[in-house]
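S.K.: Pasting the sequence and the predicted coordinates here, then a few questions.
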Amino acid sequence: PAANSMIAAIVTRDQLQRAISVNSSGYLSSSIAGHATGGLLIAALGISNAYFVSAALSIIAGCFAIQLKPKPPYLSQKKEPTIQAIKYGFSFVWNNKTLLGVISLDLFAVLFGGAVAFIPEVAEHILHTGPIGYGFLNAAMDIGSLVSILILLAKPMRKRQGLKMLLAVAGFGLFIIVFGLSKVYWLSFMALVGAGFFDGISVVVRGTISQLYTPDELRGRVSSINMIFINSSNELGQFESGVTSRFMGTWPAVVFGGVMSVFVVAGTWLKFPQLRKIEY
């Protein structure tokens, strides 16, 4: 949350969308390399040795992280107790319907559209692919997200960003449905790439809106609240995927998640009409 909240303090308003795209592209590039390399390492070295390699790389990353120079925090003119500050952060998000709508859209779309939880099952029992195929399948959504973010980096959206965000989340849900129905590896891979492509658009727009609609002194708190929802939706989404898979089976559960993601967009469209009118 602290790193995300710093972006708006470093760049100007008109550079914010590009800055968020650059930040996201760096993460996604490493994520793609990690997923693809993970499959290769498991195939070549086995699972235990792959974990040793992962631990060694984490230590190297930590060595780089401790060399970062601390940035002085934003000093508010008003001192307030920690608990009160936290309560005010939640109150600000709850009363700001734009931020609440953006966070709710992300929460419920990810909650129901968590196809990542099904990838091991789909790879082994439906697509019948090995560790390398699984690794690339696991990287597919990140590949799609990186492509869309690089496009936005070269040609940022100039108008109707809120509407495009809602359509992107709907597109994400539709590609998840295709992934659930597919029985062919290349189609499943491309469906996940497509889902990632639209998710990347949504990530950039949501991130930009969150930064623009939050005052400097609340940016860290709002970013933390957003991360709470993102992380909880990922974990709860995997739990939801497991429960629905238990009662429906794998592919019906994936399709159900995609359909629900589209319904989430419809609900957000009706509940938060101001989102589709946002331009920055």
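M.R.: Arrived safely.

S.K.: Just the C-alphas of whichever strand or helix holds A253, formatted as PDB.
M.R.: The secondary structure element spanning A253 is helix 250-271 (assigned by DSSP states H and E). Extracted in PDB, the C-alpha atoms of helix 250-271 (Å, rounded to 0.1, in the frame of the first residue of the first chain):
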ATOM      1  CA  THR A 250     -14.800 -28.100 -12.400                       C
ATOM      2  CA  TRP A 251     -15.900 -26.600 -15.700                       C
ATOM      3  CA  PRO A 252     -19.500 -25.700 -14.500                       C
ATOM      4  CA  ALA A 253     -17.800 -23.900 -11.500                       C
ATOM      5  CA  VAL A 254     -15.500 -21.900 -13.800                       C
ATOM      6  CA  VAL A 255     -18.500 -21.000 -16.100                       C
ATOM      7  CA  PHE A 256     -20.500 -20.000 -13.100                       C
ATOM      8  CA  GLY A 257     -17.800 -17.700 -11.900                       C
ATOM      9  CA  GLY A 258     -17.500 -16.000 -15.300                       C
ATOM     10  CA  VAL A 259     -21.300 -15.500 -15.500                       C
ATOM     11  CA  MET A 260     -21.300 -14.000 -12.000                       C
ATOM     12  CA  SER A 261     -18.600 -11.600 -13.000                       C
ATOM     13  CA  VAL A 262     -20.800 -10.300 -15.800                       C
ATOM     14  CA  PHE A 263     -23.700 -10.000 -13.300                       C
ATOM     15  CA  VAL A 264     -21.400  -8.000 -11.000                       C
ATOM     16  CA  VAL A 265     -20.800  -5.500 -13.800                       C
ATOM     17  CA  ALA A 266     -24.500  -5.200 -14.400                       C
ATOM     18  CA  GLY A 267     -25.100  -4.600 -10.700                       C
ATOM     19  CA  THR A 268     -22.400  -2.000 -10.500                       C
ATOM     20  CA  TRP A 269     -23.800  -0.300 -13.700                       C
ATOM     21  CA  LEU A 270     -27.100   0.100 -11.900                       C
ATOM     22  CA  LYS A 271     -25.900   0.800  -8.300                       C
END
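
S.K.: Now it: average pLDDT?
M.R.: Taken as a whole, helix 250-271 carries a mean pLDDT of 92.

S.K.: For it, what is the distance to the chain centroid?
M.R.: For helix 250-271, the distance between its averaged C-alpha position and the chain's averaged C-alpha position is 16 Å (C-alpha atoms, centre = their mean, to the nearest Å).

S.K.: Please apply the same query to stretch 152-165.
M.R.: How far stretch 152-165 lies from its chain's middle: 17 Å, per C-alpha atoms, centre = their mean.

S.K.: what helix or strand does the residue nearest to F172 when sequence neighbours are not counted sit in?
M.R.: Nearest-residue entry for F172: F198, 4.3 Å, with adjacent residues in sequence omitted and distances by C-beta to C-beta, 6 or more residues apart in numbering. Just so you know, the C-beta spots here come from the backbone N, C-alpha and C atoms, and that holds for glycine as well. In this assignment (DSSP H and E), F198 forms part of helix 185-212.

S.K.: Mind listing what's buried along the following helix or strand past that helix?
M.R.: From helix 185-212 onward toward the C-terminus, using DSSP H and E, the following helix or strand is helix 219-248. Neighbour counts using 16 or more other C-beta atoms under 10 Å place 219-223, 225-226, 229, 233-234, 237, 240-241, 244-245 of helix 219-248 among the buried residues.

S.K.: For helix 219-248, enumerate the helices and strands it packs against.
M.R.: Using 3 or more C-beta pairs under 8 Å, 6 or more residues apart in numbering; DSSP states H and E as the contact definition, the elements that helix 219-248 packs against are helix 2-10, helix 82-95, helix 97-112, helix 185-212, helix 250-271.
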